[in-house]
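Peer 1: give me a model of this one.
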Amino acid sequence: MEIVISSIVYSLERFNSDFAILTGYNASFLLSEKYGKYVGSIGGIDCYSFPSVDRMNDVTLEELYECKTGFRAPYIKDAVTKVYDGLVTESILDNCDDGKCMETLMSIKGVGSKVANCV
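Peer 2: Purely as a prediction, here's the structure:
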């Protein structure tokens, strides 16, 4: 799920990269900080794991917006729901041909061929 969500928010983060580099606050970082588990500190910077599907499933759309996800918040929520419900899983993707894999990934709102190819 982390790869799918990171790919969905990538262009947003690339657009805001100067701000994100200066502040460390991009969508992936904020999601991890707010909903992931603390894993330690490097050079005085706290580090967090990417949140689990179970944890992300409890996150509301409003909370996603608070993590600077912008118009991609509904896409992230849809991705989480599809993974949580078992409609998109690593097992499904591992056991199908490239065409079916692309079709499965593109069933997630906001995922087109570019993002599906990245995953």
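Peer 1: now do the SS call for L93.
Peer 2: Assigned by DSSP: H, G, I helix; E, B strand; the rest coil, the conformation of L93 is helix.
Peer 1: for the nearest residue to M102 once chain neighbours are set aside, what are its contacts?
Peer 2: Excluding the flanking residues, the one nearest M102 by Cβ to Cβ, 6 or more residues apart in numbering is A116, at 4.8 Å. For the C-beta atoms, the positions are set from N, CA and C on the backbone; glycine is no exception. Shown in contact with A116 (Cβ atoms under 8 Å, 6 or more residues apart in numbering): 101-102, 105-106.
Peer 1: check which helix or strand A116 maps to.
Peer 2: In this assignment (DSSP states H and E), A116 forms part of helix 113-118.
Peer 1: show me where this protein has strands.
Peer 2: 38-42, 45-48 (DSSP state E).
Peer 1: of those, which is nearest I76?
Peer 2: I76 lies closest to strand 45-48 among the strands of the chain, at 16.8 Å (Cβ to Cβ).
Peer 1: what's the average pLDDT for the helix holding A116?
Peer 2: Looking at helix 113-118 alone, the average pLDDT works out to 85.
Peer 1: what does stretch 91-107 give?
Peer 2: Stretch 91-107 comes out at a mean pLDDT of 93.
Peer 1: would you mind listing the buried residues in it?
Peer 2: In terms of neighbour count (16 or more other Cβ atoms under 10 Å), stretch 91-107 has its buried residues at 101-102, 104-105.
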